[in-house]
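> Mind looking at a prediction? Sequence and model below.
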Amino acid sequence: MFSRLRYLIELSQSHRIARRYFVTNGFDGVLAMLGLLMGFRVSGSVSIDVIISACVGAVVALFVSGLSSAYISEAAEKQHELQALEKSMLTAMDDSVHAEAAQWMPWLIALVNGFSPLLLALLILVPLFMFQLQLWPDALNIVSPLDLAIIVALSLAFMLGVFLGRLNGHFWLWTGVRALLVAVMTALIILLLNQFLAQP
Amino acid sequence: MAIVTRVVLDVLKPHQPNALAFASQLADLDASIKVNLVVQEVDDKTQTIVLSITGERLDFELITQHIKSMGGSVHSIDEVDVQGEAIRGSSD
């Protein structure tokens, strides 16, 4: 079954699309979580339970949005590609591996697009879950769970940049720093907006 | 029934699977099968290839079905080598 799946992925070159979706939507997820966490950070005393509830809600929305949007767009795209190929081949290709790939690859890409922000966002929320479940170690008392979650979000943004750099052959540190700068800029904009909105 | 030992087919196929994968998958149908593939023409989305398949006893239906499953379309049978098989009882 896995060898068949691998064959269909190679045939349709879906690994490239899935990889692109993983980074794009993963970065979306990281920035969305960072935005939420920064919002809670600047708004003052909000309980961890409220933060977790809001973030989990956003995570579910990111997952469903990623899954459905990628499936809808990729299913249409793959069908279009198949029709164009059938036109060139001057024959129907219903029984071919190309039709099979057009049927299954949108699901795979949709799963990658949905799970990418879900998993990254859940990683960001780990410090908050640890605190809520009273698993917060004393050694980490130098930093609040919320601040640690923000640090995790910034680190993941950096790592996504590194991943992207390694894929396209660019210097990994530069692409990592560039992604981190985008995340830091986002955090700064939220801080500035809060300052602006807080003024009477 | 005559035994087919070699066929040369004119086939139109998509770019994927590529020539190596296409020929390898046909060769994997049977241990005795040898496949020679020559790309004749390359278009935007398709390739015209000439397949020369040899084997001890080729199952032509299986070969064409497999070509179709890989997205190919047999345009013509250009050459065949067949070997007669004595019909049991005819020599008695």
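Okay, I see it.

> Show me the residue at the heart of chain B, geometrically.
residue B:53 (4.8 Å; Cα atoms, centre = their mean).

> Sheet partners, orientation included, of the helix or strand encompassing that one?
If you go by DSSP states H and E, residue B:53 is part of strand B:46-54. Paired neighbours of strand B:46-54 in the sheet (DSSP bridges): strand B:3-14 (antiparallel), strand B:34-42 (antiparallel).

> Just say which of those is most tucked in.
Comparing the strands paired with strand B:46-54 by mean neighbour count (mean count of other Cβ atoms under 10 Å in any protein chain shown), strand B:3-14 ranks first with a mean of 19. The C-beta positions use only the backbone N, C-alpha and C, and glycine is treated the same way.

> For residue B:32, pull up the helix or strand it's in.
Residue-wise, residue B:32 maps onto no helix or strand under DSSP H and E.

> and the strand holding residue B:53, how far from the chain's centre?
Mean-position distance between strand B:46-54 and its chain equals 8 Å (Cα atoms, centre = their mean, to the nearest Å).

> what helices or strands is the helix or strand just after it leaning on?
Moving toward the C-terminus from strand B:46-54, the first helix or strand encountered (DSSP H and E) is helix B:60-69. For helix B:60-69, the elements it packs on are strand B:3-14, helix B:19-27, strand B:73-83, judged by 3 or more Cβ pairs under 8 Å, 6 or more residues apart in numbering or on different chains; DSSP states H and E.

> In JSON lines, list these along with distance to residue A:56 and mean pLDDT.
Formatted as JSON lines, the helices and strands packed on helix B:60-69 follow (distance: least, Cβ to Cβ, whole Å; pLDDT from 0 to 100):
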{"stretch": "strand B:3-14", "distance to residue A:56": "44", "mean pLDDT": "96"}
{"stretch": "helix B:19-27", "distance to residue A:56": "45", "mean pLDDT": "96"}
{"stretch": "strand B:73-83", "distance to residue A:56": "52", "mean pLDDT": "95"}
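
> how about TSV for those, with distance to residue A:14 added?
Shown next, in TSV, are the helices and strands packed on helix B:60-69 (distance: least, Cβ to Cβ, whole Å):
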stretch	distance to residue A:14
strand B:3-14	15
helix B:19-27	16
strand B:73-83	24
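
> how about these, which one is nearest residue B:59?
When the helices and strands packed on helix B:60-69 are compared by Cβ to Cβ, strand B:3-14 sits nearest residue B:59, at 8.1 Å.

> what sits up against that closest one?
Here strand B:3-14 makes contact (Cβ atoms under 8 Å, 6 or more residues apart in numbering or on different chains) with A:85, A:88-90, A:98, B:22, B:45-58, B:60, B:63, B:67, B:70-85.
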